[in-house]
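Visitor: coordinates only, no sequence provided:
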């Protein structure tokens, strides 16, 4: 597996796990980015917003995303029940997300 695909899957899994720990409240993309940087996980090829859009996309719907205006265009996301089911192994794994059950 190439490094970019591996990193893409790891970041997606990290975002879902982070949102699980945040509860069902919305979490700002800047907060997610700060957590990634704190853990030295890089989003070089994609922004957090791109990961949000992937995880919220048609057929996935693991998170719910909304656009917010604070000081610039930002997004916030929260985990959906389908995202919880994915994390707990209730539904089949997604090939684009690294999940440790």
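Guide: Now that the structure is in, tell me what you want to look at. Model, not experiment: these values are computed from the prediction.

Visitor: quick check: phi and psi at the most centrally placed residue in the chain.
Guide: Note on the chain: the residue nearest the mean C-alpha position is residue 15, at 3.3 Å, using CA atoms, centre = their mean. For residue 15, the backbone dihedrals (degrees, to the nearest 10) come out as phi -60, psi -50.

Visitor: dump the residue contacts of it.
Guide: 32, 48, 51, 52, 55, 63, 77 (CB atoms under 8 Å, 6 or more residues apart in numbering). No exception for glycine: its C-beta is placed from N, CA and C like everyone else's.

Visitor: also residue 29?
Guide: 47, 48, 49, 52, 74, 75, 76, 77.

Visitor: hang on, residue 36 packs against residue 51?
Guide: No - counting by CB atoms under 8 Å, residue 36 does not reach residue 51; the two are 9.5 Å apart.

Visitor: between the two, point out the one with more neighbours.
Guide: Ranked by neighbour count (other CB atoms under 10 Å), residue 36 and residue 51 place residue 51 first, with 25 against 18.

Visitor: element containing the more buried one?
Guide: Using DSSP states H and E, residue 51 sits within helix 48-56.

Visitor: what of residue 7?
Guide: helix 3-21.

Visitor: I'd like the next helix or strand past that helix.
Guide: strand 27-28.

Visitor: off-centre distance for that next one?
Guide: 11 Å (CA atoms, centre = their mean, to the nearest Å).

Visitor: name the pair among the contacts of residue 29 with the greatest separation in space.
Guide: 47 and 76 (14.1 Å; CB to CB).
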